[in-house]
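Undergrad: No sequence on hand, only this structure:
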């Protein structure tokens, strides 16, 4: 191969490399201006207490740390034949749980309720398989509102 042809190929390869770097940089800059994705969520437990309450536990994946999660406890009351949210609380700390154990097998160690007024509610969740379950957290649902129990 002649030296001229070799330089031409090297020049073309260098130009192509520069163009790809510019294109990737522009794509990265555009991505940083994009709206953040909606955090993943997964219902991990649910209970209906007679005709009065529906209670759900939902794992919410952190937007900042893909391994972290929060747990939302929601209470719904029935009104005109439709379940409407009447209260919600965060179980534990915001982003204080791990996403994968919360959404895997055996995530809910304890979730007990009773159809009384006020309705006692106990929640225990898997921290990690090696650590085991959290201490149970006690709540009371009274007139559609959640209180520490």
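TA: The structure has been received and is ready for your questions. Quantities reported herein were computed from a predicted structural model and do not represent experimental measurements. Residues are numbered from 1 along each chain as shown.

Undergrad: all contacts plus neighbour counts: C-alpha atoms, from now on.
TA: Will do.

Undergrad: can you give me phi and psi for the residue lying closest to residue 110 once chain neighbours are set aside?
TA: Among residues not flanking residue 110 along the chain, residue 124 sits closest, at 4.5 Å (CA to CA, 6 or more residues apart in numbering). Here is the backbone geometry of residue 124 (degrees, to the nearest 10): phi -130, psi 130.

Undergrad: ok, residue 124 - how many residues close by?
TA: By the criterion of other CA atoms under 10 Å, residue 124 has 18 neighbours.

Undergrad: any idea how far it lies from residue 80?
TA: 33 Å (CA to CA, to the nearest Å).

Undergrad: Repeat that for residue 128.
TA: 41 Å.

Undergrad: show me where this protein has strands.
TA: 41-49, 53-61, 68-79, 82-91, 97-98, 108-113, 119-128, 132-133, 137-142, 145-148 (DSSP state E).

Undergrad: Tabulate the ones you listed in CSV, adding columns for mean pLDDT.
TA: Below are the strands of the chain laid out as CSV (pLDDT from 0 to 100):
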stretch, mean pLDDT
strand 41-49, 95
strand 53-61, 96
strand 68-79, 95
strand 82-91, 96
strand 97-98, 97
strand 108-113, 96
strand 119-128, 96
strand 132-133, 96
strand 137-142, 96
strand 145-148, 95
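
Undergrad: sorry, back to before: thinking the residue nearest to residue 110 is in contact with residue 111, fair?
TA: Yes. Here residue 124 reaches residue 111: they are 6.5 Å apart, a contact under CA atoms under 8 Å.

Undergrad: Quick check: bridge partners of residue 43?
TA: residue 58 (DSSP bridges).

Undergrad: Actually, residue 73.
TA: residue 57, residue 89.

Undergrad: How many residues are close by it?
TA: Residue 73, neighbours per other CA under 10 Å, totals 19.

Undergrad: now residue 149
TA: 11.

Undergrad: if I look at it, how far off is residue 93?
TA: Residue 149 is 17 Å from residue 93, by CA to CA.

Undergrad: now swap in residue 44 and tell me
TA: Distance from residue 44 to residue 93, by CA to CA: 17 Å.

Undergrad: The two: which is more packed in?
TA: residue 44 (18 against 10).
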